[in-house]
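J.: Next comes the sequence, and after it the predicted model I'd like to discuss.
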Amino acid sequence: MDEELIKKCDKSTAVKFCPANNADIDNIVKLDREVFQTKDLVNEVVFKSWQKKNKRIFTVQFHKGEFSGYYALLPLKSGILKAFIDGDIREIDVRAEDIFDDVEMYNSEGLYLYSIVARKKGTKISSELVKQVSRTLDELIENGNLTKIFATAATPDGERLLKRLEFSQIRFREQRRDNHPLYEKKVDKRTDKVMKGTF
């Protein structure tokens, strides 16, 4: 993704989604610290290395020019994805070299939905954030080889959202190093739009 596109993203409209820049990553880290009660939070150095490898990982939401949330998609290479699914590693263990770039990610059959976080839950703005995740995943399914989407739930709200989006739990928290349940959604671009009709 071109750096100029990130710089030129107009954040002044009512609701706008933009690829994250370094300042946005700092806001993401701050929001994560407010929302998640875990010692395994990924820090800004690792986030920025992910973002440098693939500019599509972090998408930030702005409402009237103010940062209002973000979502992150991690296209993990097969070996590291299997280790994560098996519960042998945590998010904090993922490095830039474990991630596909923004071209290679279309060849990936599995994707990790790292996070969806809104500053204010239960609002029209937070609903727009989830809808944008849906649109992004639909595009990846339609134009790539994606067949499975994985996600963990670090909060009760996260568990409710994944169940609403028809993810199925495939690992219990006790089976994983990160102590979070793992969910999976199987998709088929011939028949599915990953979240269409959910809202």
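T.: Yes, it's here. Numbers count the residues shown, from 1 in each chain.
J.: isn't there a helix covering Ala83?
T.: Yes - applying DSSP: H, G, I helix; E, B strand; the rest coil, one finds Ala83 inside a helix.
J.: count of neighbours near it?
T.: When counting by other CB atoms under 10 Å, one arrives at 16 neighbours for Ala83. Heads up, the C-betas are built off the backbone N, CA and C, glycines and all.
J.: Figure out the helix or strand that the residue positioned nearest the centre of the chain lives in.
T.: By CA atoms, centre = their mean, the chain has its centre lying nearest to Ala72, at 2.6 Å. Applying DSSP states H and E as the criterion places Ala72 in strand 66-74.
J.: residue contacts, the residue nearest to the centre of the chain?
T.: With contact set as CB atoms under 8 Å, 6 or more residues apart in numbering, Ala72 has these partners: Ile28, Ile57, Phe58, Thr59, Leu113, Tyr114, Ser115.
J.: out of these, which one sits closest to Gln37?
T.: Closest approach to Gln37 among these (CB to CB): Ser115, at 14.4 Å.
J.: Give me the pLDDT for the residue nearest to that closest one when sequence neighbours are not counted.
T.: The spatial neighbour of Ser115 that comes closest, neighbours along the chain excluded (CB to CB, 6 or more residues apart in numbering), is Ala72 at 4.8 Å. On the pLDDT scale, Ala72 is placed at 97.
J.: in the chain, which helix has the most residues?
T.: Ordering each helix of the chain by length in residues (DSSP state H) puts helix 124-143 first.
J.: Below-threshold pLDDT in this structure: ranges please.
T.: Under the criterion pLDDT under 70, the flagged ranges of the chain are 1-13, 38, 190-199.
J.: make it 50
T.: When residues are selected by pLDDT under 50, those of the chain lie in 4-5, 197-199.
J.: Show me where it has its strands.
T.: For the chain, the strands defined by DSSP state E occupy 15-19, 58-63, 66-74, 110-118, 148-152, 168-171, 182-186.
J.: on that earlier part again, only the buried subset of the contacts of Ala72, as a ChimeraX command please.
T.: A single ChimeraX command selects the buried members of those (16 or more other CB atoms under 10 Å):
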select :28,57,58,59,113,114,115
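J.: Closest to Val130 out of the contacts of Ala72?
T.: Ranking the contacts of Ala72 by separation from Val130, with CB to CB as the measure, puts Leu113 on top at 11.0 Å.
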